[in-house]
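[1] Show me the folded form of this:
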Amino acid sequence: MADDVAHGGSGAARGSSAPAAAGVDGVRGPLSRRVATTLLASRESWTRRMFELAGQLRRASPEPVYDLSLGNPSLEPPSAWREAVLRLLTDEPSGMHRYMTNAGFPEVRAFVAAREARRYGVAFEPNDITMSVGAAGALNVLAQATLDPGDEVVVPAPYFSEYEAYCATVGAILVPVATGPEFGLDVAAIDRAIGPRTRWLLLNSPNNPTGAIYREDELDALAVVLAERSRDLPRPILVVEDAPYRDLVYAGDAVPSMLSRYPDTVFVTSHSKDLGLAGERIGYLAISPRAAGRDLLARAVSYCTRVLGFVNAPALMQRVLPLLLANEARVDVSVYARNCRRMAGALRELGFEVPEPKAGFFLFPRLPARLRDESGGDVALTERLVEARTVVVPGVAFGTPGYLRLSLAVDEAAVDGAIAAFVRTC
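    As a prediction, this is how the structure comes out:
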């Protein structure tokens, strides 16, 4: 896989200046140069562009569209969610809809701290928890709090494409690193990628787009490397774990974490996927109690939540979480597992390389050699699939050309239609 990684993906590579596009200044109008370069030089999110394209196809024709672009949960929230909301609205606590501390309701943060402490064996306290507007909100708050222009964020590739935008917003540089077999961590490659400006190592496990889960032995080795390398840096490398898929594991196995292995770790998650609440935007950020500057970092995260305009996470959703999570409510992950396994089997028959799906609802198949060698590779195949009214995202969007990302958070009819389109197209 290492040979397929396009370091820098569609964003800036290490040591480069901010991305530039010829002619942008002449047509950008009221936009900042950064945003104009993204929008006018076709650097906007591939995933969102393909999702919007699927909508255009639907409006243009009544024929079905098989949209495998956006990771938009197809399963409705568990019934306990509706019951909890109705219970709260029927007997509302006084002040439930008012402002609260920027970090969130103290009692909700205490619940989260205790729950995560049990899960990871780490002595979280309420002050370590900041409720957030989803995992994306938490990552942007943390970036604002800890990253300076020119700082580097090392990330295993493939990676969630929006990481590029999050880094660009604060002037940081995303540094993609090749992964190993079946997208496991290549610890030696990460070691080589660390430099004097490295500030974050961003880990997304289970991974979007691959569904890979980083193993215990990989994390053990990584912790040793980070401890050694951090000694030579003015600030320790911050491990940021982005884990919104940790409760969508097919075999029910626990997802290993760096929290118990490396002190300077910040854990980020949301309930967009496991509770089917993507549009409600609720998640949180947890700072390891062993992190350097723990209390100051908690203050900074709360401050940045306010000044970025989030102010606080949605109040009603904060109140709902303890009522759901106390009983481990979640969507039925077996539906996603069935879709992924079925599509993976069909693609293997067409010559694609697809590791056994383990978590989440994405597949990241490698194109057969005959398709990789074509001009355009994954982009060309994406375009042909659109002609067959099937919408996917090319691997180049995730820093790894020669692959496709398929979101299988869809109904069975969409899986059937997409498989038929692949058979006709490939």
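[2] tell me the secondary structure for Leu201?
    The local conformation at Leu201, judged by DSSP: H, G, I helix; E, B strand; the rest coil, is strand.
[3] Would you map the strands across the stretch 301-426 of the chain?
    362-363, 390-391, 393-394, 404-407 (DSSP state E, counting those that start in this stretch).
[4] which other helices and strands contact the longest helix along the chain?
    Ranked by residue count under DSSP state H, the longest helix found in the chain is helix 333-349. Counting contacts by 3 or more Cβ pairs under 8 Å, 6 or more residues apart in numbering; DSSP states H and E, helix 333-349 is packed against strand 362-363, helix 412-425. Glycine gets a C-beta too; all of them are placed from N, C-alpha and C.
[5] for the shortest one, packing partners?
    Read that as strand 362-363. Using 3+ Cβ pairs under 8 Å, 6+ apart as the test, strand 362-363 ends up in contact with helix 333-349, strand 404-407.
[6] Contacts for it next, please.
    Residues outside strand 362-363 that contact it (Cβ atoms under 8 Å, 6 or more residues apart in numbering): 71, 208-211, 340, 343-344, 347, 354, 357, 405-408.
[7] Contacts only, for the residue nearest the centre of the chain.
    In the chain, the residue lying closest to the centroid (Cα atoms, centre = their mean) is Phe160, at 5.0 Å. Applying Cβ under 8 Å, 6+ apart to Phe160 gives the contacts 204, 208-209, 242, 398.
[8] With Ser260 instead?
    Counting by Cβ under 8 Å, 6+ apart, Ser260 has contacts 120-122.
[9] Can I get the buried part of the residues you listed as one PyMOL selection?
    This is the PyMOL syntax for the buried subset of those, where burial follows 16 or more other Cβ atoms under 10 Å:
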select buried, resi 120+122
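[10] What segments of the stretch 101-250 of the chain are helices?
    106-120, 134-146, 162-170, 187-193, 216-230 (DSSP state H, counting those that start in this stretch).
[11] Go through these and pick out the most buried.
    With neighbours taken as mean count of other Cβ atoms under 10 Å, the helices of the stretch 101-250 of the chain reach their highest mean count in helix 134-146, at a mean of 24.
[12] so how far is that helix off the chain centroid?
    12 Å (Cα atoms, centre = their mean, to the nearest Å).
[13] Pull the contacting residues for the closest residue to Val108 other than its chain neighbours.
    Closest residue to Val108 apart from its sequence neighbours, by Cβ to Cβ, 6 or more residues apart in numbering: Gln318 at 4.7 Å. Listed by Cβ under 8 Å, 6+ apart, the contact set of Gln318 reads 104-105, 108, 131, 282.
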